[in-house]
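>>> with the input below, show me the fold.
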Amino acid sequence: MKVPILRLRDILLTSIQVEMSDEDAVAFQTDLLRTLAKTEVKGIVIDITGLSVVDSFLARVVKETATMAQMLGAEVVLTGMRPEVAIVLTEMGRELLGVETALNLEQGFHKIQLLIEGRAR
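The predicted structure is shown next:
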C-alpha cells in the first residue's frame, strides 16, 4: 500500500488513512525521505487522523522518519493523533519525544510554518 505524498509549496503533506503492515511502514519511510531529498522542501506534515491504532513498530518508524527528515534539513509535525493512541503509546514507552505534534491538520500547518520561519532566522 502506497501512501500519497503531496507537495504544497515548501511543505510535503502525507496522510496515513489505513492500518499499515511493517513492510508498508518502511516503504512509506523510504518514499517520504526520497521525496524530501528530491524536492528539498522545508517541512513535512504527517497526518494520522485515520489511524485508530499505532503499534510500537509504526511509532518507531514515525519517530525515526522525523529524525531523519530533520537531519536532511526539514521540520516535521505529526497531526491527528487520537487520544487513545496517545495513551497507548505513552503506556508502551513510545512517547515520540522530539517529534512536534498538533491536534489537527490546520494547527499542524500553522506549527510547521512557524518552525520553518524559526529555522530561517
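
>>> residue 95 contacts residue 85, doesn't it?
No: judged on C-beta atoms under 8 Å, residue 95 makes no contact with residue 85 at a distance of 11.7 Å. C-betas here are computed from N, CA, C, even on glycine.

>>> those two: which is more packed in?
Taking other C-beta atoms under 10 Å, residue 95 and residue 85 do not tie; residue 85 has more neighbours (16 against 13).

>>> helix, strand, or coil at the more buried one?
Under DSSP: H, G, I helix; E, B strand; the rest coil, residue 85 falls in the helix class.

>>> find the nearest non-adjacent residue to it, please.
Among residues not flanking residue 85 along the chain, residue 54 sits closest, at 5.0 Å (C-beta to C-beta, 6 or more residues apart in numbering).

>>> count of neighbours near the residue lying closest to residue 89 once chain neighbours are set aside?
Spatially, and ignoring its direct neighbours in sequence, residue 89 is nearest to residue 59 (5.5 Å; C-beta to C-beta, 6+ apart). Applying other C-beta under 10 Å, we find 20 residues neighbouring residue 59.

>>> how about residue 13?
Number of residues near residue 13 (other C-beta under 10 Å) recorded here: 20.

>>> that one: which element?
In this assignment (DSSP states H and E), residue 13 forms part of strand 11-15.

>>> residue 92 is in contact with the residue nearest to residue 85, correct?
No: using C-beta under 8 Å, residue 54 is not in contact with residue 92, being 9.4 Å away.

>>> those two - which one has more neighbours?
Of the pair residue 54 and residue 92, residue 54 is the one with more neighbours under other C-beta under 10 Å, namely 24 against 12.

>>> and the residue nearest to residue 85, how far from residue 86?
9 Å (C-beta to C-beta, to the nearest Å).

>>> mean confidence score for the helix or strand just after the strand holding residue 13?
Sequence order places helix 22-39 as the next helix or strand after strand 11-15, per DSSP H and E. Per-residue pLDDT over helix 22-39 has a mean of 96.

>>> oh, and call the first residue 42 from now on, that's how I've got it
With the count now opening at 42, the last piece we talked about shows up as helix 63-80.
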